[in-house]
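In: Just the structure for this:
(chains A and B)
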There are 2 protein chains.
Amino acid sequence: MKRKNFSFKLISRHKNARLGKIFTKRGNIDTPAFMPVGTLGTVKGLFVEDIKKTGSQIILGNTYHLMLRPGTNILEKFNGLHKFMNWEKPILTDSGGFQIMSLSKLNRIDRKIGAIFQSHLDGKKIILSPEKSIQIQKSINSDILMVLDECPKLTKNREILIDAIKTSTEWAKRCKVEFGNQKEKALFGIIQGGLYQDLRLKSLKELEEINFDGYAIGGLAVGETQKEMFSTVKKITEYMPQNKPRYLMGVGTPSDILGAVNEGVDMFDCVMPTRSGRTGLAFTWEGKINLKNARYQNDKSPLDKNCNLRGLKNYSKSYLNHLIKSNELLASMLISLHNINFYQQFMSEIRKSIKSRTFTKFYNRYIKLFN
Amino acid sequence: MKRKNFSFKLISRHKNARLGKIFTKRGNIDTPAFMPVGTLGTVKGLFVEDIKKTGSQIILGNTYHLMLRPGTNILEKFNGLHKFMNWEKPILTDSGGFQIMSLSKLNRIDRKIGAIFQSHLDGKKIILSPEKSIQIQKSINSDILMVLDECPKLTKNREILIDAIKTSTEWAKRCKVEFGNQKEKALFGIIQGGLYQDLRLKSLKELEEINFDGYAIGGLAVGETQKEMFSTVKKITEYMPQNKPRYLMGVGTPSDILGAVNEGVDMFDCVMPTRSGRTGLAFTWEGKINLKNARYQNDKSPLDKNCNLRGLKNYSKSYLNHLIKSNELLASMLISLHNINFYQQFMSEIRKSIKSRTFTKFYNRYIKLFN
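Out: Below you'll find the model as predicted:
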């Protein structure tokens, strides 16, 4: 059933793991969901029809990258990113906050003005205010928008974290005003606070007062251990509203996802399946496989004997090993496709196991496999 | 109709242009034919099923590249290249002669021994004898094999050319012996002789005495002008047997192909459509388009409004311009696919026009378009 307005339905729970569905005017999203990353308006190495065939119901676009290339002028000519890249299903856009921290030469954060930084492409000075971030996301015409936040690098310094929360909350309010009243779209708040529960809860409380359509956990997957990540997620999700989707940004490996689902997270995004695909690292039900390894040179077995996509089941590991060593485009194409397909299979099995109340068994079987 | 043994049928002629069909146990090839180049066991940037969808009936594999990577040991495990790369239609392999001239650090040609050279990958010394070349091509299990020839760089020095013919003829004999009697496969001789008609005819005569299943024109597309190429082709084709396929190696642009068809050539191969695809150069019925050009930044029109392959008709030039400037894999994937598809459309139109005796009109319309 397609609903016009954005909404979320919690279907069932098994312990803390949640089965749900997000409704958008461009299609529904079964949760827990994995969103392939389409940084610059393309999921690297995949044809759009293949993204769909993997069962992906939503992709992520990067506001920071898209504002630099192709820029909002061009996106507006196409009434947004969907038409520009031929993807008619939902798109979530991040706010640019994370990339400003990780990629650009950041000059400074000015709470009143916004983030002042230099483009990583041409060094041009750019000011990204909370309002500007929302305006750009509107030009992208995304279905789920994220507030602009200040995402500090991994730190145990409480002052830095408290200051980032203060900025993030103020900016979240301004984003909400700029977003306005758009029932067909959603605006998510982003919880900061490092690894400290009290700070996370302070951030969450302030965001809940503003009232968002969903809540994301930001500032993780920035270098902490998996154990720290899981325990931090656990400390927050207990207190997050049940009737709103929960999104752990930038995560992760299949076992990262499994551990976070176990703590009640609904949404994920990560470049790992495509980035790994370009270096020959494949995710399979037997674990990670580095296809560059000489042991696969003579291996006639397929990567996934059940996968019909682009004839994947017919390609031997030996052939893939040859393609990677020869730097052939087809290596990136086949392995990235395989990995996105595996991630979506993995999410589908997670959802089935929550539904059939066998998630704990699934969790125990696979939590160690991808570390 | 599928025939088990290799054969060629000349269906009709319009002036010098020939319409024909090559029969092989792996499928038939309508001529004039364009063979996409699959240097290392993949046509760069294309899924195998997409190569087929463009109407390609045969691809070319490079003996020199394949002997270095993945090597004959691995190819033999798969009973050849077809199974290794999942392409069950015919494959033609060159002999390695051209790549030894253009890529490797050639030590010397020893008429008795073969070509002695260093691998461009690791500098290892390799001896490629005529017998070895055929053995490798047998490991590849190709359907049309080429004799090992000495392909001199562009020169007007008759002595060098005469010497190369002497070597090439001797090697051609040895290749024929090594090839043996294999009716399901074909062995083509390669005519050398530079731009001189008398030398070309000498080479052709010597090869005809050995008797091959087809004859290739080698040593062109090595830096001469298009006019020189056409006039050289004309001087040779007049004297080539009518009942055997004629193959102009390494050619070329659509207009190169058109001009050579006009002189009676049946087969072509070239990296141009895929190599250009990776740099953003597209071949269309309106001519060449450099999609990197800023003029396409705002161009919402598609590259080919009639192409349904991978949704190509839905992608705007603006989007392709963005992808190329962003170095996205999808740019290479879409434009290479478009170009191979265009080349095959172009060949199909050439065949139709020979059949309907309108080839001269077609020739006049397009001969200037791609220069």
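In: What are the boundaries of the strands in the stretch 151-300 of chain A?
Out: With strands called from DSSP state E, counting those that start in this stretch, the stretch 151-300 of chain A shows them at A:186-191, A:214-217, A:246-248, A:267-270, A:281-284, A:287-290.
In: which strands and helices sit next to the first one?
Out: Applying 3 or more Cβ pairs under 8 Å, 6 or more residues apart in numbering or on different chains; DSSP states H and E, one finds that strand A:186-191 contacts strand A:144-146, helix A:158-179, helix A:197-210, strand A:214-217. Every residue, glycine included, has its C-beta placed from N, CA and C.
In: what angle do that strand and helix A:158-179 make?
Out: Taking axes from the mean of the first three to the mean of the last three Cα atoms, to 10 degrees, one finds strand A:186-191 and helix A:158-179 inclined to each other by 170 degrees.
In: ok now strand A:186-191, how far from the chain's centre?
Out: 13 Å (Cα atoms, centre = their mean, to the nearest Å).
In: average pLDDT across that strand?
Out: Taken as a whole, strand A:186-191 has an average pLDDT of 98.
In: what does the third one give?
Out: Looking at strand A:246-248 alone, the average pLDDT works out to 98.
In: Given that strand, what are its sheet partners and their directions?
Out: Counting by DSSP bridges, the strands paired with strand A:246-248 are strand A:214-217 (parallel), strand A:267-270 (parallel).
In: cool, the last one as well?
Out: Within its sheet, and counting by DSSP bridges, strand A:287-290 is paired with strand A:281-284 (antiparallel).
In: any residues touching the partner strand, and which ones?
Out: A:254, A:273, A:276, A:288-291, A:303-304, A:320, A:335, A:338-339, A:342-343, A:346, A:370 (Cβ atoms under 8 Å, 6 or more residues apart in numbering or on different chains).
In: interface residues of the stretch 151-300 of chain A facing chain B?
Out: Proximity of the stretch 151-300 of chain A to chain B (Cβ under 8 Å from any Cβ of the partner chain) is limited to residues A:297-298, A:300.
In: Quick one: buried ones out of those residues?
Out: A:Q297 (16 or more other Cβ atoms under 10 Å in any protein chain shown).
In: what are the ranges of the helices in chain A?
Out: Assigned by DSSP state H, the helices in chain A fall at A:48-53, A:63-68, A:72-77, A:81-85, A:97-102, A:130-140, A:158-179, A:197-210, A:226-237, A:254-262, A:272-279, A:317-325, A:329-355, A:359-366.
In: Switch the ones you listed over to JSON lines; also include mean neighbour count and distance to B:D30.
Out: Converted to JSON lines, the helices of chain A look like this (neighbours: other Cβ atoms under 10 Å in any protein chain shown; distance: least, Cβ to Cβ, whole Å):
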{"stretch": "helix A:48-53", "mean neighbour count": "18", "distance to B:D30": "29"}
{"stretch": "helix A:63-68", "mean neighbour count": "24", "distance to B:D30": "45"}
{"stretch": "helix A:72-77", "mean neighbour count": "17", "distance to B:D30": "42"}
{"stretch": "helix A:81-85", "mean neighbour count": "22", "distance to B:D30": "36"}
{"stretch": "helix A:97-102", "mean neighbour count": "22", "distance to B:D30": "51"}
{"stretch": "helix A:130-140", "mean neighbour count": "23", "distance to B:D30": "47"}
{"stretch": "helix A:158-179", "mean neighbour count": "20", "distance to B:D30": "59"}
{"stretch": "helix A:197-210", "mean neighbour count": "18", "distance to B:D30": "66"}
{"stretch": "helix A:226-237", "mean neighbour count": "18", "distance to B:D30": "58"}
{"stretch": "helix A:254-262", "mean neighbour count": "24", "distance to B:D30": "48"}
{"stretch": "helix A:272-279", "mean neighbour count": "21", "distance to B:D30": "37"}
{"stretch": "helix A:317-325", "mean neighbour count": "23", "distance to B:D30": "29"}
{"stretch": "helix A:329-355", "mean neighbour count": "23", "distance to B:D30": "26"}
{"stretch": "helix A:359-366", "mean neighbour count": "16", "distance to B:D30": "51"}
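In: Tabulate these (a markdown table), appending mean pLDDT and distance to B:L148.
Out: Output for those, formatted as a markdown table (pLDDT from 0 to 100; distance: least, Cβ to Cβ, whole Å):
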| stretch | mean pLDDT | distance to B:L148 |
| --- | --- | --- |
| helix A:48-53 | 97 | 41 |
| helix A:63-68 | 94 | 50 |
| helix A:72-77 | 97 | 52 |
| helix A:81-85 | 98 | 48 |
| helix A:97-102 | 79 | 54 |
| helix A:130-140 | 97 | 57 |
| helix A:158-179 | 97 | 68 |
| helix A:197-210 | 98 | 71 |
| helix A:226-237 | 97 | 57 |
| helix A:254-262 | 97 | 50 |
| helix A:272-279 | 97 | 37 |
| helix A:317-325 | 98 | 24 |
| helix A:329-355 | 98 | 28 |
| helix A:359-366 | 97 | 54 |
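In: Quick one: these as JSON lines, columns for distance to A:G114 too.
Out: Listed next are the helices of chain A as JSON lines, based on distance: least, Cβ to Cβ, whole Å:
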{"stretch": "helix A:48-53", "distance to A:G114": "33"}
{"stretch": "helix A:63-68", "distance to A:G114": "13"}
{"stretch": "helix A:72-77", "distance to A:G114": "16"}
{"stretch": "helix A:81-85", "distance to A:G114": "22"}
{"stretch": "helix A:97-102", "distance to A:G114": "10"}
{"stretch": "helix A:130-140", "distance to A:G114": "6"}
{"stretch": "helix A:158-179", "distance to A:G114": "8"}
{"stretch": "helix A:197-210", "distance to A:G114": "18"}
{"stretch": "helix A:226-237", "distance to A:G114": "26"}
{"stretch": "helix A:254-262", "distance to A:G114": "30"}
{"stretch": "helix A:272-279", "distance to A:G114": "29"}
{"stretch": "helix A:317-325", "distance to A:G114": "42"}
{"stretch": "helix A:329-355", "distance to A:G114": "34"}
{"stretch": "helix A:359-366", "distance to A:G114": "41"}
